[in-house]
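**Q** Whatever this is, show me its structure:
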Amino acid sequence: MDRRKFVSASLAVSASSLAGSAEGLTQTGSPSATAEYYDLRRYQLTSGPGTKLTDNYFADALIPALNRLGTGPVGAFSVYFGPETPAYYLLIPSSKLETLVTADLELAKDPVFMKTGAPFWDAPAGSPPYIRIESSLLRAFEGYPRVTPPASAATKGKRIYQLRQYQSPTNADHVRKVEMFHEGEFGIFEKAGAHGVFYADALIGPRLPNLTYMLSFPDMASLESGWDKFGADPDWKKLSNDPKFKLDPPTVSNITSLVLRPLACSQV
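**A** Presented below is the predicted three-dimensional model:
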């Protein structure tokens, strides 16, 4: 089975498992738009010249070329608080799955990209600019179908991001947790001052089944106060005590959480 058929098959399985879990509303409450797909990449780097080389590659070659392929806005982040630093994350959204699946092949046909990105793309095997690249394929929740950058992204204002992954013990628990977001968590986060950038289900990647989402805050103080407000919100208390979601064992078996800072080239 070739890569495109494999991805399509995986997508079909995941989509069927989530059928009926969403209420079909977008961020604004209008009929649901087509959910985007995301390639979430993690670049494990080493301290030294490879970090600067990667910065330049993202800013001057990769992100402009991805925009030419029709993807965007592309998010580029460094890990502020988290393990195994230095590490960069790249969020590539697209309404077309085919675009993400074939992106690297199409980039190799782009002469501007190949010339500008040559120092990174053609780096010697003995001294690569990164240790490893990991990639996960995600699909946006039906109720939050598009990447939504905070307003401060347009002006390159001060902002930080929290990237969170919820791993579930079973597929049924995973679907139930996705449903919980659609029944109120989007709005509760916004009330608490936590801007939702994206919410997505993992189709291909490690530690399945899981969901991943990203929140934006002006700074660390806002992040901490936002979570305090979220936990104290009456709507959250009501939702979390709903017998459908208040289970033992719980629907989430493990949580990973990172705090990220946008790179200068980030469009998110």
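
**Q** start to end distance for stretch 73-93?
**A** 7 Å (C-alpha to C-alpha, to the nearest Å).

**Q** I'd like the distance from that stretch to the chain centre, please.
**A** 10 Å (C-alpha atoms, centre = their mean, to the nearest Å).

**Q** Buried ones in that stretch, by neighbour count?
**A** 73-79, 86-93 (16 or more other C-beta atoms under 10 Å). Glycine gets a C-beta too; all of them are placed from N, C-alpha and C.

**Q** Please name the nearest non-neighbouring residue to Leu137.
**A** Ile204 (4.2 Å; C-beta to C-beta, 6 or more residues apart in numbering).

**Q** sorry, that was for Arg42
**A** Nearest non-adjacent residue to Arg42, counting by C-beta to C-beta, 6+ apart: Glu134, 4.6 Å away.

**Q** give the contact list for that neighbour.
**A** Going by C-beta atoms under 8 Å, 6 or more residues apart in numbering, Glu134 touches 41-42, 44, 206.

**Q** Quick check: which element contains it?
**A** strand 132-140 (DSSP states H and E).

**Q** With Val112 instead?
**A** Going by DSSP H and E, Val112 is in helix 111-116.

**Q** Following that helix in sequence, what is the next regular element?
**A** Counting by DSSP H and E, what follows helix 111-116 is helix 118-121.

**Q** Return the list of helices and strands in contact with that next one.
**A** Using 3 or more C-beta pairs under 8 Å, 6 or more residues apart in numbering; DSSP states H and E as the contact definition, the elements that helix 118-121 packs against are helix 49-56.

**Q** Identify the residues contacting the helix it packs on?
**A** 43, 45, 86, 88, 119-120, 123, 128-130, 263-265.

**Q** And stretch 60-72, by the same measure?
**A** 74, 76, 90, 92-94, 96, 99-100, 103, 106-107, 110, 112-113, 116-117, 120-121, 265, 267.

**Q** related to what we said a few turns ago, now the strand holding Glu134: buried residues?
**A** Those would be 136-140, for strand 132-140 by 16+ other C-beta under 10 Å.

**Q** May I see those organised as TSV, with distance to Asn56 added?
**A** Output for the buried residues of strand 132-140, formatted as TSV (distance: C-beta to C-beta, whole Å):
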residue	distance to Asn56
Ser136	25
Leu137	27
Leu138	27
Arg139	31
Ala140	30
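
**Q** Between these, which sits nearest Thr212?
**A** Relative to Thr212, the closest of the buried residues of strand 132-140 is Leu138; by C-beta to C-beta it sits at 6.0 Å.

**Q** what bridges to the closest one?
**A** Note on Leu138: beta-bridge partners by DSSP bridges are Tyr38, Ala202.

**Q** check contacts around it.
**A** Leu138 touches 37-40, 200-203, 205, 212, counting by C-beta under 8 Å, 6+ apart.

**Q** Now the buried members of the residues you listed.
**A** 37-40, 200-203, 212.

**Q** The stretch 51-200 of the chain: strands as residue ranges?
**A** All strands of the stretch 51-200 of the chain, identified by DSSP state E, counting those that start in this stretch, fall at 75-81, 87-94, 132-140, 160-167, 195-204.

**Q** TSV for those, including mean pLDDT and distance to Pro243?
**A** As requested, the strands of the stretch 51-200 of the chain are exported to TSV (pLDDT from 0 to 100; distance: least, C-beta to C-beta, whole Å):
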stretch	mean pLDDT	distance to Pro243
strand 75-81	97	35
strand 87-94	98	36
strand 132-140	97	28
strand 160-167	98	20
strand 195-204	97	24
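
**Q** mind checking which of the ones you listed is nearest Leu247?
**A** That would be strand 160-167 among the strands of the stretch 51-200 of the chain, by C-beta to C-beta, at 14.0 Å.

**Q** still on that earlier bit, now for the buried ones among the contacts of Leu138: which two are most distant?
**A** Asp39 and Asp201 (14.1 Å).

**Q** Could you list the low-confidence segments of the stretch 151-268 of the chain?
**A** By pLDDT under 70, the stretch 151-268 of the chain has no low-scoring segment.

**Q** mind listing the helices for it?
**A** 171-180, 186-191, 220-232, 234-240 (DSSP state H, counting those that start in this stretch).

**Q** With Val175 as the reference, name the closest of the strands of the stretch 51-200 of the chain.
**A** strand 195-204 (9.2 Å).
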